[in-house]
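Visitor: Provided below are the primary sequence and the corresponding predicted coordinates.
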Amino acid sequence: MASLLVNNSIPLEERAKVYCPCVRPALLYAAESWALTERLDGLVASCDHRLLRYISVVKWQDRIINDEVRRRCGLGNLEHRLMKTRFKWFCHVKRRDVNSILRRAMELKVEGRRPVGRP
């Protein structure tokens, strides 16, 4: 797969068309259930940017920003894809029966407060 993604005889847009359905789903596997933090969001985005730079053969020393690399590949923003996936999962859970475990877990209200200090 790596030899296909960095083969300069194949146009960059075509390599990106292979990258999008093969690599990005593996990167976002089960992302709809992640407890997404800013740190995790940054890690996923930096991994995607690193891989896009790898297939477009752009180094950091070339001083090209990530948005430009993504535009050259003709791909959309990974964060939008992640939000879309999470929203689809949310809608799926909201359509479930009121008594389903997923729906009850989503609407769970915890009583009381946590004690101060480390658990």
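Guide: Arrived safely.
Visitor: Now do the buried residues in the helix or strand where Leu43 lies.
Guide: Assigned by DSSP states H and E, Leu43 belongs to helix 38-56. Within helix 38-56, the residues that count as buried by 16 or more other C-beta atoms under 10 Å are Val44, Asp48, His49, Leu52, Arg53, Ile55, Ser56. C-beta coordinates here come from the backbone N, C-alpha and C atoms, glycine included.
Visitor: What are the contacting residues of it?
Guide: With contact meaning C-beta atoms under 8 Å, 6 or more residues apart in numbering, helix 38-56 is reached by 5-6, 12, 15-16, 19, 23-24, 27-28, 31, 34, 59-60, 66, 69-70, 72-73, 75, 78-79, 82.
Visitor: State the distance from the residue lying closest to Val98 once chain neighbours are set aside to Trp34.
Guide: Among residues not flanking Val98 along the chain, Arg104 sits closest, at 8.0 Å (C-beta to C-beta, 6 or more residues apart in numbering). Separation of Arg104 from Trp34 (C-beta to C-beta, to the nearest Å) stands at 20 Å.
Visitor: Of these two, give the one with the bigger neighbour count.
Guide: Taking other C-beta atoms under 10 Å, Arg104 and Trp34 do not tie; Trp34 has more neighbours (15 against 12).
Visitor: Now do that one against Ile10, distance only.
Guide: 33 Å.
Visitor: Show me which residues of stretch 91-110 are buried.
Guide: Buried residues in stretch 91-110 (16+ other C-beta under 10 Å): none.
Visitor: got it, and stretch 62-81?
Guide: So for stretch 62-81, counting by 16+ other C-beta under 10 Å, buried means Asn66, Val69, Arg70, Cys73, Leu75, Leu78, Arg81.
Visitor: what's the answer for stretch 8-28, then?
Guide: Buried-residue list, stretch 8-28, by 16+ other C-beta under 10 Å: Leu12, Arg15, Ala16, Tyr19, Val23, Arg24, Leu28.
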